[in-house]
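[1] when you get a sec, could you give me coordinates for this:
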Amino acid sequence: MILDDGRPLVVVSERDRIGQGPWSRLLASAIVGDEGSAGAARGRTLARGGAVHTVAVPEGRLSGRVEDEGIEHDVEIAADPVPPRIWAAATRSARGNPQIEAAVAGRGQSVQLEHVLAVDWEEPLVPPGRSLRSACSCGRPAPCSHLAALAYVLADRIDREPSLLLRWRGCTGRTAAAADESHAEPEPVVASDEIWEAPPPPELGPRRPLPTGAVLKRLGTSGIQVGALDLAQVLERAYASFAGSRRS
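    Now for the predicted structure:
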């Protein structure tokens, strides 16, 4: 889905904070991170100045172009879609709750729906920043001002069109299918002569060498003192001694 025909998208909000609804705010925060940074401030300026254009929102991917000082930058933000079974379950739980039903249909933003997906299913509608895969042709580390500009334009647009977030997360068009699925009769399982047969197990790859005491480094300090040292430091010396004895 392309939101425009190449013409600039201008953020409607004139307030310092772009994005007023819970989904739009979570999305902006997830992409931008520190909204008090210089990059975030520059992103707001670019968004309000119409520097963002050719924005597209297909499933799992946000993209657009940002013009900054005469240079066009290609920006992309990707995330894995919500699994269909989880969205179907959330859709069923929305029945009888007008606010969540409106959010499932893309007509509004609902904190309750976000809570159900994040807490009950551990699959938030707005993915956290660590789950996002962001890139910009400017080559600067993410999140750059161009990623921030795209985030703010999308946040502003989601306030007016909440279904955009559902489209990106792969949730549109699944409501009816989920309803049919919940009422369908399950297909019977019929045993066959090959019921206990299975393909051969996959070949195991080579063992990955680990440094001595890798498990101690992963666990960190224990908080248990052995003399002047932490227990982990004492065990690290023991691990090194064992490893040396094995090699000799």
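[2] quick one: which helix or strand includes Ala135?
    Per DSSP states H and E: Ala135 is located in strand 133-136.
[3] can you list the strands that that strand pairs with?
    Here the strand partners of strand 133-136, with direction, are listed using DSSP bridges: strand 71-78 (antiparallel).
[4] please report how far the spatially closest residue to Ser134 that is not a sequence neighbour lies from Ala56.
    Excluding its sequence neighbours, the residue lying closest to Ser134 (C-beta to C-beta, 6 or more residues apart in numbering) is Ala142, at 4.2 Å. The way it works is simple: take the backbone N, C-alpha and C, and place the C-beta from them, glycine included. Using C-beta to C-beta, to the nearest Å, one obtains 19 Å as the distance from Ala142 to Ala56.
[5] the two: who's more crowded?
    Ala142 (19 against 14; other C-beta atoms under 10 Å).
[6] I figured the more buried one hits Arg130, correct?
    No - under the criterion of C-beta atoms under 8 Å, Ala142 is not in contact with Arg130, lying 11.8 Å apart.
[7] name the nearest residue to the residue sitting nearest the centre point of the chain, sequence neighbours excluded.
    With distances taken as C-alpha atoms, centre = their mean, the chain has Pro127 as the residue nearest its mean C-alpha position (3.1 Å). Distance criterion C-beta to C-beta, 6+ apart; nearest residue to Pro127, sequence neighbours excluded, is Ala79 at 4.6 Å.
[8] so the one you found is in contact with Arg133, correct?
    Yes - judged on C-beta under 8 Å, Ala79 makes contact with Arg133 at a distance of 7.0 Å.
[9] the more surrounded of the two?
    With neighbours defined as other C-beta under 10 Å, Ala79 and Arg133 compare such that Ala79 has more, 19 against 12.
[10] which ones are touching the more buried one?
    With contacts defined as C-beta atoms under 8 Å, 6 or more residues apart in numbering, the neighbours of Ala79 are Gly60, Pro127, Ser131, Leu132, Arg133, Trp168, Arg169.
[11] of these, which belong to helices?
    With helices taken from DSSP state H, the overlap with the contacts of Ala79 comprises Trp168.
[12] of the contacts of Ala79, which is the nearest to Arg160?
    Using C-beta to C-beta, Trp168 is the member of the contacts of Ala79 that lies nearest Arg160, at 15.2 Å.
[13] so how far is Leu164 from the nearest residue to that closest one once chain neighbours are set aside?
    Excluding the flanking residues, the one nearest Trp168 by C-beta to C-beta, 6+ apart is Val57, at 5.2 Å. Counting by C-beta to C-beta, the gap from Val57 to Leu164 is 5 Å.
[14] where does this protein have its least confident helix or strand?
    In the chain, no helix or strand scores lower on mean pLDDT, DSSP states H and E than helix 175-183, which sits at a mean of 43.
[15] continuing past that helix, what's the next helix or strand?
    Note on helix 175-183: by DSSP H and E, the next helix or strand toward the C-terminus is helix 214-219.
[16] can you pull out the strands in the chain?
    Ranges of strands in the chain, per DSSP state E, are 8-9, 52-56, 61-68, 71-78, 133-136, 225-226, 229-230.
[17] out of those strands, which comes closest to Pro206?
    Distances from Pro206 to each of the strands of the chain were compared using C-beta to C-beta; the shortest belongs to strand 133-136, at 28.6 Å.
[18] which residues touch that closest one?
    Looking at strand 133-136 with C-beta under 8 Å, 6+ apart, the contacting residues turn out to be 31, 66, 73-79, 142-144, 146-147.
[19] mind putting those residues into CSV with distance to Glu123 and pLDDT?
    Formatted as CSV, the entries for the contacts of strand 133-136 read as follows, by distance: C-beta to C-beta, whole Å; pLDDT from 0 to 100:
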residue, distance to Glu123, pLDDT
Ile31, 18, 92
Val66, 30, 94
His73, 31, 95
Asp74, 29, 95
Val75, 25, 94
Glu76, 22, 94
Ile77, 18, 93
Ala78, 16, 94
Ala79, 11, 93
Ala142, 23, 80
Pro143, 23, 88
Cys144, 28, 93
His146, 28, 95
Leu147, 23, 94
